[in-house]
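> next input, structure requested:
(4 chains)
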Number of protein chains: 4
Amino acid sequence: MNPFQENETFRMETFSDGVFAIDITLLTFQLKAPEHPDGEYSSLLLLHALAEQWPAYIAFLLSFATIFIIWVNHHRMYNVIHRSDSRFMFYNGAHLLLVSSIPFTTSLMANYINTEAMAVASFFYMMLFAGICGTLLLMWRHATKDYLLLKRPAADVRVILVRTGLLISISAYTIAALISFLVPYVSLVIGLALVIYLSRLKYHRERVV
Amino acid sequence: MNPFQENETFRMETFSDGVFAIDITLLTFQLKAPEHPDGEYSSLLLLHALAEQWPAYIAFLLSFATIFIIWVNHHRMYNVIHRSDSRFMFYNGAHLLLVSSIPFTTSLMANYINTEAMAVASFFYMMLFAGICGTLLLMWRHATKDYLLLKRPAADVRVILVRTGLLISISAYTIAALISFLVPYVSLVIGLALVIYLSRLKYHRERVV
Amino acid sequence: MNPFQENETFRMETFSDGVFAIDITLLTFQLKAPEHPDGEYSSLLLLHALAEQWPAYIAFLLSFATIFIIWVNHHRMYNVIHRSDSRFMFYNGAHLLLVSSIPFTTSLMANYINTEAMAVASFFYMMLFAGICGTLLLMWRHATKDYLLLKRPAADVRVILVRTGLLISISAYTIAALISFLVPYVSLVIGLALVIYLSRLKYHRERVV
Amino acid sequence: MNPFQENETFRMETFSDGVFAIDITLLTFQLKAPEHPDGEYSSLLLLHALAEQWPAYIAFLLSFATIFIIWVNHHRMYNVIHRSDSRFMFYNGAHLLLVSSIPFTTSLMANYINTEAMAVASFFYMMLFAGICGTLLLMWRHATKDYLLLKRPAADVRVILVRTGLLISISAYTIAALISFLVPYVSLVIGLALVIYLSRLKYHRERVV
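Numbers count the residues shown, from 1 in each chain, chains lettered A, B, ... in the order given. Predicted structure coming up:
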C-alpha cells in the first residue's frame, strides 16, 4: 500500500465526529437552571419554574435525536467508503457548516415555540435539516458515481435506495418547513417521524451499523 | 476480514469520548470568577467571595467524579465488546442523551443546594444518574445476550456480575433520589459512595482497566 | 519497527483536530436568537430581527470557511509527513494558539463590521490569518528541510510550490489587513479569494485530499 | 496478542486529548470583544478598549502555553507507556480534574491581575499548576515502579530524570504561589520559566517528541 494512502478518510471522520460531539453536547446549554428571586426558594416554585421551560426541552430532545441520527447516517456512509477526494472533502465541509448551525436554529425554536413567531422559527429549523440531508445526498452521489470512492466489493452497497431515502427526507423536511406557516406543531411531528425514518436507512445490504 | 467490518465500534467510541470529554470539561463553567464591585478589591474580600461559592465546588466535584466513573464503565464495557448493531448504537445514543444532560442537573444542584428547593434539585440529579446506569444496563444486556457482541473467548467476561452491579447502582441512585425529600445531604453521600462502587465494577475476570 | 516510534504524529493530529473542531463549532455562538420584548411576537418582527444580524452571518461564514480551509491544509501537510520532532511540535502549538484566537477576532468583526471602527477590527482579523499561514510556513519549512520529516518516497511532494503558496497567502492577508484602513469591504473580498486559493494548494503531485 | 489487550491506553489518550483540546480552546472565551456605547464608534476608541484588556491577554497566553506544555508532557509520558491499570487510570482522572480547572483560575487571574487581590488569584493559579505536576508525578511513579507499565526495552526511559524534573516543577510552582503574596509579578515570571523548563523534559534518551 502506498504510504500516502493510509487512513485516507480517517482524519475527516475524526474531525466530523468532533464537530458532531460538540454540537450535540452544547445543545444542553439551551437548558438553564431557573433563576430564583432572592428569598423565594421552595421545591414547588422550582418545579413550577422547571415545568415552564417545556419548549426548551422539546427543542432540545428533537435536536438531539436529529443530530444523533444524522451522525448515524454520516457514520454508515463512511462505513462503505474507502477513499476520499477534494470534492468529497468540501461537500463534507458544507455538511459540517450546516450541522454546526443547528444550535442556532434550536435556540430560535426554544425561544419562539409558544409565540406567534413560531412559524418563522420552525421554517428555518426544518429548512436547515432539509439542507443537511441535501449535503448528505451530494456526498453520496459523488461517492457512488462510477462506484468511485466505495469499498470493494461494492455490490451490496445500496446506492439507489439511499439516494431515494435522502431525496424523500429532503422533500419531507421542506414540506414540514412550509407547513410551519399553517399548523406549526404538525411540522414538529413530521420532524420526529423523519428521525425514525432516517434511523432505518440501510447503506449496505448486510451491514446496518 | 471483511473490509466493511473493521473498526466497527471505533467511531462510536470516538464520538462517545467526545461527548464525555466536552461534558466533563464544561462542568467548570459552573465555576465563575466572583464579580468585584468597583473600588473594592482586597485579597480578603476575594477569599470570602470564593469561599461563598462552596455549593458550586461540591456539585462540580461530585459531577466530575461521576462522569469520569461512568466513562470508565463505558470504556470497560467496550473493552470486552467486539462488534455493534443498530440497537446497541441507539442504546448508546440514549446513554449519551442522558450523559449530556448532567451539566443541566449539576447547575440546578449548584444553584439550589443550600435552599429549601434542594430536595427537587437533588431528586432530578440522582434520577438522571439512575437513568444513565439504566442505559448502561440496556447496552450490557443486549451485548451479552447469547454473547452476541462480545469478544472471543467470552468465558472470562463477567456477564452476571456487571448486570447485578448496574441493577444495584440503579436502585441506590433511585433511593438517593427519594431520600432527597427527607434528608437531602444523605443523598449526596450515597452519590459519593456509588462513585466508589462503580469504579470497582469488573467487566472481565482478569482485565480491569 | 521501534515500539517508541509508532503513531508518532497521531496524537498531535488528534489534538489539533480537537482544537479545530471546537473552534469551528463555537463560531456559531456568535449567532444568537434575537430577544423578544414581552408581548411583541410576530413572524415579521422575528424576520426583521434576524435580518438585522447580517454582520454576524458574514463574519460566521467567512471564519467558518477559513478555519475549514486551514484545517484542510493542516491535514494535507500531515498527509505527507512521516515523523515529528520537538521543534515541529512547538510550531504546531503556535499554530493552534493563533487558530484558537479566531473566535475572538471574529466577534470583533461581527460587532464592528458596520461601524467606523471596522478598519481596526478587519486589520486584526486579517493579520491573524496572515500569522496562521506564517506558522504553517514555519512547519512546512522545517518538515521539508533535507526532507527531514517527510514520508518516503518524497519525490512527488511539492516542497517549493507549497512554500510559495503560503508566502503568497501571507502577503495577500497582510495586504488585506492594510487595505482595511482604506476600503474595509475590499479586504473581506480578498479574504474570500484566499479561501479559494488555499483550497487548491497541492502538497503532493498525485494526492490532493 | 490477547484481543482484550489491544489499544489499552488508546481511549484514555483520546479522552485526555479531548479534555486538553477543549480546555485550551475555551481559554479564548476570556477574550471578549469590547462593548461599544451606542453612537460612539471609532477606530481609536476600539484600539483603546482592546489595549485596556491586557490582563486578559497575559492570563490567556500564559495559560495556553502551560496547558500546551502539560499536554506535551502527558503525550511524552504515554509515548513510553505500554499498558495501563486501574490505579493509573484514576491518577489520570485526577490529572484531568485539575487540568479542567485551569479556565477557572485563569479567569480569576484575568479579573484580578491589576488589583490588590492579585496575590490570592495568583496563589490559586500557581498552586493548581503545582497540583497538576503532582498528578503527573503520581502517574510516572506508578508507571515506572518495577518498570510495570513501560514499553520494552525500557533501558532508555529516563525514569529518575523525569521524576526529578517533576519534583523541581512542583517545588517551583509552590514557591511561585507563595511569592504571590510578596511580589505577584515575579510569580508570573517563574510560571513562564517553568513553561520553558517543562518543554525540555526528556522521557526517553533518544525520542523527544
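> from here on, just use CA atoms for contacts and neighbour counts.
OK.
> would you map the helices across chain A?
With helices called from DSSP state H, chain A shows them at A:10-26, A:43-52, A:54-79, A:86-99, A:102-112, A:118-144, A:159-179, A:184-199.
> minimum distance to chain D: which of those helices has it?
helix A:10-26 (8.9 Å; CA to the nearest CA).
> what residues does chain A put near chain B?
Residues of chain A lying near chain B by CA under 8 Å from any CA of the partner chain: A:14, A:17-18, A:20-22, A:24-25, A:28-29, A:31-34, A:41-47, A:64, A:68, A:75, A:79-80, A:151-152, A:207-209.
> same thing but 6 Å
Counting by CA under 6 Å from any CA of the partner chain, chain A comes close to chain B at A:17, A:21, A:25, A:33, A:41-43, A:209.
> show me which pair in the residues you listed is furthest apart.
Using CA to CA, the residues of chain A next to chain B span at most 47.9 Å, a distance reached by A:Tyr41 and A:Val209.
> and these two? Which one has more around it.
Shown here are A:Tyr41 and A:Val209; by other CA atoms under 10 Å in any protein chain shown, A:Val209 has more neighbours (22 against 16).
> residue closest to the middle of chain A?
Residue closest to the average C-alpha location in chain A (CA atoms, centre = their mean): A:Ile67, at 3.5 Å.
> OK, contacts around that one?
Going by CA atoms under 6 Å, 6 or more residues apart in numbering or on different chains, A:Ile67 touches no other residue.
> now A:Tyr125
Contacts of A:Tyr125 by CA under 6 Å, 6+ apart are A:Thr105.
> can you convert the helices of chain A into a markdown table and add a column each for mean pLDDT?
Shown next, in a markdown table, are the helices of chain A (pLDDT from 0 to 100):
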| stretch | mean pLDDT |
| --- | --- |
| helix A:10-26 | 89 |
| helix A:43-52 | 88 |
| helix A:54-79 | 92 |
| helix A:86-99 | 94 |
| helix A:102-112 | 91 |
| helix A:118-144 | 95 |
| helix A:159-179 | 96 |
| helix A:184-199 | 94 |
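> let me know which of those is the nearest to D:Phe129.
Of all these, helix A:10-26 sits nearest to D:Phe129, with 26.8 Å by CA to CA.
> other SSEs contacting that closest one?
helix B:10-26, helix C:10-26 (3 or more CA pairs under 6 Å, 6 or more residues apart in numbering or on different chains; DSSP states H and E).
> please tell me how far A:Thr164 sits from A:Ile170.
Taking CA to CA, to the nearest Å as the measure, A:Thr164 falls 10 Å from A:Ile170.
> higher neighbour count, the two?
Ranked by neighbour count (other CA under 10 Å), A:Thr164 and A:Ile170 place A:Ile170 first, with 23 against 13.
> leaving out sequence neighbours, find the closest residue to the residue of chain A found nearest chain B.
Ranking the residues of chain A by distance to chain B (CA to the nearest CA) places A:Ser43 first, at 4.0 Å. Sequence neighbours aside, B:Ala117 is the residue nearest to A:Ser43 in space, at 4.0 Å (criterion: CA to CA, 6 or more residues apart in numbering or on different chains).
> thought the one you found was touching A:Leu45?
No - B:Ala117 is beyond contact range of A:Leu45, at 7.9 Å (criterion: CA atoms under 6 Å).
> who has more neighbours, those two?
Using other CA under 10 Å as the criterion, B:Ala117 and A:Leu45 rank with B:Ala117 on top: 23 against 15.
> state the distance from the more buried one to B:Leu61.
Counting by CA to CA, the gap from B:Ala117 to B:Leu61 is 21 Å.
> I am finished for the moment; much appreciated.
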